[in-house]
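**Student:** need a 3D model of the sequence below.
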Amino acid sequence: MLNNIIELADNKLLILYIIKKLKQPCTNTYITDIILNNNFLNYFLLQQYLNDLVESNYLIILKPKNEILYKLAPRGKKILEMFQNRISQFKIDCFNNYMASINQKNQTINVETNYSKIKPNSFMVELKFNKSEEQLLNLNLKVNSKEQLESIIKNCKDNPTNTYNLILSLLTGQKK
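**Tutor:** Alright, predicted model coming up:
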């Protein structure tokens, strides 16, 4: 019985910790993804704990634009300051590693390349640089040889982040 109460408290502290570390109000879906992807809790326990934390005034619910967001309440901050050391270091490390991998994925620039033949030795190449779902740059170039085309595509695909940063620094006149 005592172990169940301690586990309940530790899991609720973990939820408070995660919401604090996210540094902004977050959706139930986002919290659920983090918890389930790290195998901290099952879905049903998480939903019960979120409801308990709201009812106990440890979390605040915000409702902008028909969306429910969870935010750490002052009472939640205070209890977390008092008992954060009870959270398993293993779970904190798992959470930190998970967030680092998400942030790394979101920082990666990818490139899509397409080309079409205009004349026998003339090609139009399109380069689309994207980060996550956001398009950063769409560039269309006319090149006068198959070798130029292949070189541009290879260089962009081999290192899209450096290529994008180089183009941006050339266009802005700022060195990166």
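**Student:** okay, CA-based contacts and neighbour counts for the rest of this
**Tutor:** Noted.
**Student:** can you pull the buried residues of the host helix or strand of Phe129?
**Tutor:** Assessed by DSSP states H and E, Phe129 sits inside strand 122-131. For strand 122-131, the neighbour count (16 or more other CA atoms under 10 Å) marks Ser122, Phe123, Met124, Val125, Glu126, Leu127, Lys128, Phe129, Asn130, Lys131 as buried.
**Student:** next helix or strand past that strand?
**Tutor:** Using DSSP H and E, the first helix or strand after strand 122-131 is strand 134-143.
**Student:** which one of the buried residues of strand 122-131 is nearest to Tyr30?
**Tutor:** Distance to Tyr30 across the buried residues of strand 122-131 (CA to CA) is lowest for Lys131, with 19.6 Å.
**Student:** so the closest one bridges to which residues?
**Tutor:** Taking DSSP bridges, one obtains Ile109, Glu134 as the residues bridged to Lys131.
**Student:** so what's it up against?
**Tutor:** Shown in contact with Lys131 (CA atoms under 8 Å, 6 or more residues apart in numbering): Asn106, Gln107, Thr108, Ile109, Asn110.
**Student:** from Ile102, how far out is the fourth one?
**Tutor:** Per CA to CA, to the nearest Å, Ile109 is found 14 Å from Ile102.
**Student:** the more surrounded of these two?
**Tutor:** Neighbours were tallied for Ile109 and for Ile102 using other CA atoms under 10 Å; the higher tally belongs to Ile109 (20 against 11).
**Student:** who are the packing partners of the helix or strand harbouring Leu16?
**Tutor:** Remark: Leu16 resides in helix 2-22, with elements defined by DSSP H and E. Judged by 3 or more CA pairs under 8 Å, 6 or more residues apart in numbering; DSSP states H and E, helix 2-22 is in contact with helix 43-55, strand 69-72, helix 74-83.
**Student:** out of these, which one sits most buried?
**Tutor:** strand 69-72 (a mean of 22; mean count of other CA atoms under 10 Å).
**Student:** and that one, what does it pack onto?
**Tutor:** Partner elements for strand 69-72 (3+ CA pairs under 8 Å, 6+ apart): helix 2-22, strand 26-27, strand 59-62.
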